[in-house]
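Trainee: my questions concern the predicted model and sequence given below.
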Amino acid sequence: QVQLVESGGGLVQAGGSLRLSCAASVRTVGSYTGGWFRQAPGKEREFVAAITTNWSGDNTYYADSVKGRFTISTDNAKNTVDLQMNNLKPEDTAVYFCAAAQWVVINHAPRNYDYWGQGTQVTVSS
């Protein structure tokens, strides 16, 4: 069983930056997908970004709403999946969840991920 723990959320002004980190309890071997989702009050959980790893290398995917502002990456030494968020906007306010799957996820719907963190709050003030 993989446990995921997020950190790095908080309150920031519009235009500011935050870095989220997701630590996994076990080290991954072989194909792997690490993703970030968010859920605002009254809204469905939505895909933000993902990174897939397999024998051919890493690939990254982003929601249109965050392209050019957010960057997802892995830190193999720390066994984390990180999300660097720049130029934050009030509409980025949500609880951010990290998720993982032990294969390469193509369709980044929440149902295709096996493991979830508890979530971390990100609030962007205008």
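Mentor: Sure, I can see it.

Trainee: distance check, F47 against N79.
Mentor: Distance, F47 to N79, by CB to CB, to the nearest Å: 22 Å. Every C-beta, even on glycine, is put in place using the N, C-alpha and C of the backbone.

Trainee: these two: which has the busier surroundings?
Mentor: F47 (20 against 14; other CB atoms under 10 Å).

Trainee: and that one, its phi and psi?
Mentor: The phi and psi values for F47, taken as degrees, to the nearest 10, are phi -70, psi 140.

Trainee: my read: it touches G35, true?
Mentor: Yes. With contact defined as CB atoms under 8 Å, F47 and G35 form a contacting pair (7.1 Å).

Trainee: residues shared between the contacts of these two?
Mentor: Shared contacts of F47 and G35 (CB atoms under 8 Å, 6 or more residues apart in numbering): H108.

Trainee: grab the most central residue of this protein for me.
Mentor: For the chain, the residue nearest the mean C-alpha position is W36 (2.1 Å; CA atoms, centre = their mean).

Trainee: out of everything not next to it in sequence, what's closest to that residue?
Mentor: Closest residue in space to W36, ignoring its immediate chain neighbours: V48 at 4.4 Å, by CB to CB, 6 or more residues apart in numbering.

Trainee: contacts only, for the residue nearest to G119 when sequence neighbours are not counted.
Mentor: Excluding the flanking residues, the one nearest G119 by CB to CB, 6+ apart is V95, at 4.3 Å. For V95, the contacting residues are 38-40, 119-122, by CB under 8 Å, 6+ apart.

Trainee: strands along the protein, start to end?
Mentor: Using DSSP state E, the strands found in the chain span residues 4-7, 10-13, 18-24, 32-39, 46-54, 57-62, 70-75, 80-85, 94-101, 115-116, 120-125.
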